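A.B. asks: Sharing a model that was predicted from the sequence below.
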Amino acid sequence: MRSRNMRRLAVAGALSASLVLAACGGGDDEGGEGGSAGGTSPGEGRAECEHLTEFGDLTGRSVHVYTTIVAPEDAPHKESYKLFTECTGAEVEYEGSKEMEAQILVRAQSGNLPDVAYIPQPGLLQTLVTQTETVVEPPASVEENVDEFFGEDWKSYGSVDDTFYAAPLGANVKSFVWYSPKMFADNGWQIPQTWDELMTLSDTIAATGIKPWCVGIESGEATGWPATDWLEDVMLRTAGPDAYDQWITHEIPFNDPAVEEALDAVGAIMKNDEYVNGGIGDVNSIATKAFQEAGLPILDGQCAMHRQASFYSANWPEGTTIAEDGDVFAFYLPGSGEEKPVLGGGEFVAAFNDKPETQAFQTYLSTDTWANEKVKLHPQGGWVSANKGLDINNIASPIDKLSAQILQDPEAVFRFDASDLMPAEVGSNSFWSEMVAWVTGQDTKTTLDNIEESWPSS
Amino acid sequence: MSAGEKILQALIVIALFFAVVAVILVLTSRLRSRVGEYIQSTAFLLPTLILIGVGLLYPAISTIRLSFRNNFDKLWVGFDNYQTIFTDSDQLRVLFNTALWVIITPIVATLIGLIYAVLVDRARFEKFAKALIFLPMAISLVGASLIWKFVYDDNVGLVNAATEAIGLGRHHLLINGPWNNLLLIVIMIWVQAGFAMTVLAAAIKAIPTDIVEAARLDGVGGLKMFRFITVPSIRPTLIVVLTTITITTLKAFDVVRTVTGGNFDTSVLAYEFYVQSFRSNNAGLGAALAVLIFVLVLPVVIYNVRQMRKVAAR
């Protein structure tokens, strides 16, 4: 590893040296990190550009970024790159595609890669690093920023075999239960602080004739993923974060008794006719209800609770107030009460070359400057980051505020969505489909055995 | 590189291609000997051969090669991928479903098309009736699948509304196998019956009237006419229709992806190929499935081409 780094350093040094010569001098004597394009950065002297001036004048160059984020969510992204262009002179070419996760591997194998890609799954990052060997390590400035602004857990999800590759970008919190504050207040229900209280509350609600939970896991060909999130969230609470990590890396088998216990705990809610499926139908209706619509019965008072990530806020109809005193809000899915595990997801910025403009862009995205710049572009909410430099006061919506608070809470133990970390054969195939089979009647043991069997042997 | 530059590049490449071909043709046209004729015909064939090679042979060979490799094209695994297809319980289910599709869809679609064609032949509202059944052909398979997904829906679906109205209650139609497979097959039949009807109706119209009249004079009518005159006369067309629908069905992907996403035991070969290649990142197994589809389609295609030649020769 050392020798590879040395070589890269030498190449970068030679590259920057020649560029500096071409630009007739300039004060880049360090010649080391990342490689500057030489010249005077357009952002020289501006406080918000301080991270970027070291890359020199990048005018006329462009960075091609490839992401899963498409219209309309891509607009604030593009908008947030303006400062980057002002600071460095480089333009950003944005390409969003819903097929990106499959396409990036095809493009890696055929050598047709963008400069930068936003990878939504650490498992995919791992595949790109180990199988295609196309991901290039970021410059030291990115790692310094990540050490400063992100927790150790987030950094580890952007690393493969202890080598840091990709800085975290956006984040979401999945450990949320959506509810109607008014419905809770009218009935005198309290927000549960422990798992036991949650189950007691479910019984209380069921006794009033309302089905307490509503669930829907239909999502086209990705049908089943909301159920995998359920299992992961509960597993973090019943088995703990350490067992959870071992489960992901297959140190304990997928059908370990700890997982069985967690799935049975999920089943106590999801397969309980008394508890589901509020406003939708019976247990089987979970499998065919689109996840986007599954929480909506809360608005009609036909369902009391819906476990879904922070991004579900985009699915409430227009005119719904999402606030602690509004129509709907979310509470943290409680655990034992002692620990505070948080399940979530996010994207990571992987680069496929070490051109100065690529490295400058990576650096920009890893700063607190960008995170605050980006969040200000969301006056309606809908975006947070795990960046600790993100000022909570810049966040407009209450649910995003709550998410950011949880992400920045030193007590909280963050864990990434397990299915995004497992091999694709499991994480985006058998785990989904077997959970669908489980919901529609297959027993817990068979389900977990089947997934274990599909785990790739190598 | 901007889009404009790319288009320019493409245009230059195409222009170059034509220029080279033109030069070769001009040069060979000057040759007058027998050998010259061979060179000339080779020159004419060359562009086609190159395109077939680049667009068909190369991908086919690399797919076959890939089917003997592991998931990231790193190791030779022999027949492991094929063994998986024929031993893994999920894959066996896929094979079973595909068999169900391939047996039911062509036969039922052709049968419906044939009966319909005979019934509306020379009827007063023939054109309108034909347009009705031909309409689904104009809808893309994804569009048709979306329509039927609503028909089968738990809450707003037509089928559930009907069963409830006649006292049979509501059902989760798409969940319970193996019937859910049949419900998906109905979608394909709905689309393909129009194709069968159109082609068969044209064939029926082409039956010489003297045969029909002779039969009628001999006292043949109704079902017997259908059995002994109509069907034998259009037999080659019938086979072409059957085989064409069989090929379409073997490649069916859109219906499964749109309606169930392969869940509830409804996956078929073409969809499984996509899932393994692009979702499971298991390119080896995906390639093996693609090769299997190819091997299954190939004899049908050959048979189909032969039958078409027979129809054309008539």
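C.D. replies: In hand now; what should we look at?
A.B. asks: Tell me how many other residues surround residue B:22.
C.D. replies: 10 (other Cβ atoms under 10 Å in any protein chain shown). Every residue, glycine included, has its C-beta placed from N, CA and C.
A.B. asks: Could you see whether chain A lies near the helix or strand harbouring it?
C.D. replies: For residue B:22, the host element (DSSP states H and E) is helix B:3-29. No: between helix B:3-29 and chain A, judged by Cβ under 8 Å from any Cβ of the partner chain, nothing touches; the nearest distance is 11.1 Å.
A.B. asks: Can you point out the buried residues in that helix?
C.D. replies: Buried residues in helix B:3-29, defined by neighbour count with 16 or more other Cβ atoms under 10 Å in any protein chain shown: B:24, B:28.
A.B. asks: From the chain's centroid, how far away is that helix?
C.D. replies: 34 Å (Cα atoms, centre = their mean, to the nearest Å).
A.B. asks: for stretch B:220-237, same thing?
C.D. replies: 27 Å.
A.B. asks: Against chain A, how distant is the nearest residue to residue B:153 once chain neighbours are set aside?
C.D. replies: Nearest non-adjacent residue to residue B:153, counting by Cβ to Cβ, 6 or more residues apart in numbering or on different chains: residue B:160, 7.1 Å away. Using Cβ to the nearest Cβ, to the nearest Å, we find residue B:160 at a distance of 11 Å from chain A.
A.B. asks: list the helices and strands the helix or strand encompassing residue B:160 packs on?
C.D. replies: Counting by DSSP H and E, the element that carries residue B:160 is helix B:158-165. Helix B:158-165 is packed against helix B:141-151, with contacts defined by 3 or more Cβ pairs under 8 Å, 6 or more residues apart in numbering or on different chains; DSSP states H and E.
A.B. asks: so what's whatever residue of the stretch 301-450 of chain A ends up closest to chain B closest to, chain neighbours aside?
C.D. replies: At 4.1 Å from chain B, residue A:424 is the closest residue in the stretch 301-450 of chain A, using Cβ to the nearest Cβ. Excluding the flanking residues, the one nearest residue A:424 by Cβ to Cβ, 6+ apart is residue B:281, at 4.1 Å.
A.B. asks: I'd like the secondary structure assignment at that neighbour, please.
C.D. replies: coil (DSSP: H, G, I helix; E, B strand; the rest coil).
A.B. asks: Residue A:63 too?
C.D. replies: strand.
A.B. asks: ok, what's across the strand from it?
C.D. replies: Taking DSSP bridges as the rule, residue A:63 bridges to residue A:92.
A.B. asks: mind listing the strands in chain A by residue range?
C.D. replies: A:62-67, A:91-96, A:116-119, A:159-160, A:163-164, A:167-173, A:176-179, A:211-213, A:303-307, A:329-332, A:340-351, A:412-416 (DSSP state E).
A.B. asks: can you put those strands in CSV and add mean neighbour count?
C.D. replies: Supplementary listing: the strands of chain A in CSV, determined by neighbours: other Cβ atoms under 10 Å in any protein chain shown:
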stretch, mean neighbour count
strand A:62-67, 21
strand A:91-96, 16
strand A:116-119, 27
strand A:159-160, 18
strand A:163-164, 13
strand A:167-173, 25
strand A:176-179, 24
strand A:211-213, 24
strand A:303-307, 27
strand A:329-332, 22
strand A:340-351, 24
strand A:412-416, 22
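A.B. asks: which parts of the stretch 151-300 of chain B sit against chain A?
C.D. replies: B:153-155, B:172, B:174-175, B:257-258, B:260-264, B:275, B:278-282.
A.B. asks: Which of the residues you listed are buried? Put it as a ChimeraX command.
C.D. replies: Command for ChimeraX that selects the buried part of these, burial taken from 16+ other Cβ under 10 Å:
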select /B:153,154,172,174,175,257,258,260,261,262,263,264,275,278,279,280,281,282
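A.B. asks: among the residues of the stretch 151-300 of chain B next to chain A, which are in strands?
C.D. replies: Among these, no member lies in strands (by DSSP E).
A.B. asks: tell me which residues in the helix holding residue B:160 are buried?
C.D. replies: Per 16+ other Cβ under 10 Å, helix B:158-165 contains these buried residues: B:159, B:160.
A.B. asks: for the record, mean pLDDT for it?
C.D. replies: The pLDDT scores in helix B:158-165 average 90.
A.B. asks: Contacts for it next, please.
C.D. replies: B:150, B:151, B:152, B:153, B:154, B:169, B:170, B:171, B:173 (Cβ atoms under 8 Å, 6 or more residues apart in numbering or on different chains).
A.B. asks: and that helix, how far out from the chain's middle?
C.D. replies: For helix B:158-165, the distance to the chain centre is 32 Å (Cα atoms, centre = their mean).
A.B. asks: What part of chain A, helix or strand, is modelled with the least confidence?
C.D. replies: helix A:2-22 (a mean of 42; mean pLDDT, DSSP states H and E).
A.B. asks: Need the nearest residue in space to residue A:243, chain neighbours excluded.
C.D. replies: residue A:258 (5.2 Å).
A.B. asks: Was I right to think the one you found contacts residue A:251?
C.D. replies: No: Residue A:258 lies out of contact with residue A:251 (Cβ atoms under 8 Å); the separation is 11.7 Å.
A.B. asks: more neighbours, the two?
C.D. replies: Ranked by neighbour count (other Cβ under 10 Å), residue A:258 and residue A:251 place residue A:258 first, with 17 against 11.
A.B. asks: The more buried one: what's it in contact with?
C.D. replies: So residue A:258 contacts A:235, A:238, A:239, A:243, A:247, A:252 (Cβ under 8 Å, 6+ apart).
A.B. asks: just residue A:376 next, same as before
C.D. replies: Contacts of residue A:376 by Cβ under 8 Å, 6+ apart are residue A:394.
A.B. asks: how far away is residue A:144 from chain B?
C.D. replies: 33 Å.
A.B. asks: residue contacts, that residue?
C.D. replies: Applying Cβ under 8 Å, 6+ apart, no residues qualify as near residue A:144.
A.B. asks: From residue A:138, how far off is it?
C.D. replies: Using Cβ to Cβ, to the nearest Å, residue A:144 is found at 10 Å from residue A:138.
A.B. asks: cool, residue A:430 as well?
C.D. replies: Taking Cβ to Cβ, one finds residue A:430 at 33 Å from residue A:138.
A.B. asks: Ok, residue A:354 next?
C.D. replies: 9 Å.
A.B. asks: More neighbours: which of these two?
C.D. replies: The neighbour count for residue A:354 versus residue A:138, taken as other Cβ under 10 Å, is higher for residue A:138 (25 against 19).
A.B. asks: Thanks again, I'm all set now.
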